[in-house]
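K.L.:
sequence and predicted model, in that order:
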Amino acid sequence: MINQIAIIIFSCASVWLFSTKKHFRFGFVAGLIGQPFWIYSAVTTEQWGILVVAIWFSASHVRGIYNHFRMKNELDGGK
């Protein structure tokens, strides 16, 4: 039950944050926090397709965090 609640909270928060202009990058953080709950759920219920998608989303969230939390100088080439 706790796992399902965490999936709802972090997944909904992630999508909500992605839809904002100012705080969209925190959607990646909320999404990444929720991924262990997705992975646990997929493994315990033997839903291997969901597991593959959860791992893909985890990698995508890490990429988003890397791309959107770097210093401004790194993003604009040091200009």
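P.N.:
It's in.
K.L.:
hey, let's count contacts and neighbours off CA atoms from now on
P.N.:
Will do.
K.L.:
need the next SSE after the strand or helix carrying Val43, C-terminal direction.
P.N.:
Element membership of Val43 [criterion: DSSP states H and E] is helix 26-44. Using DSSP H and E, the helix or strand that directly follows helix 26-44 along the chain is helix 48-68.
K.L.:
what residues does that following helix touch?
P.N.:
Here helix 48-68 makes contact (CA atoms under 8 Å, 6 or more residues apart in numbering) with Arg25, Phe28, Val29, Gly31, Leu32, Gln35, Trp38, Ile39, Ala42, Val43.
K.L.:
for it, output the C-alpha coordinates as CSV.
P.N.:
The C-alpha coordinates for helix 48-68 follow below in CSV (Å, rounded to 0.1, in the frame of the first residue of the first chain):
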residue,chain,number,x,y,z
TRP,A,48,9.0,-7.3,-16.8
GLY,A,49,7.8,-4.8,-19.4
ILE,A,50,7.0,-2.3,-16.7
LEU,A,51,10.5,-2.9,-15.3
VAL,A,52,12.1,-2.1,-18.6
VAL,A,53,10.1,1.1,-18.8
ALA,A,54,10.9,2.0,-15.2
ILE,A,55,14.6,1.6,-15.9
TRP,A,56,14.3,3.7,-19.1
PHE,A,57,12.4,6.4,-17.2
SER,A,58,15.1,6.3,-14.5
ALA,A,59,17.8,6.9,-17.0
SER,A,60,15.7,9.7,-18.6
HIS,A,61,15.2,11.4,-15.3
VAL,A,62,19.0,11.3,-14.5
ARG,A,63,19.7,12.8,-18.0
GLY,A,64,17.2,15.5,-17.3
ILE,A,65,18.7,16.3,-14.0
TYR,A,66,22.2,16.4,-15.5
ASN,A,67,21.0,18.7,-18.4
HIS,A,68,18.9,21.1,-16.4
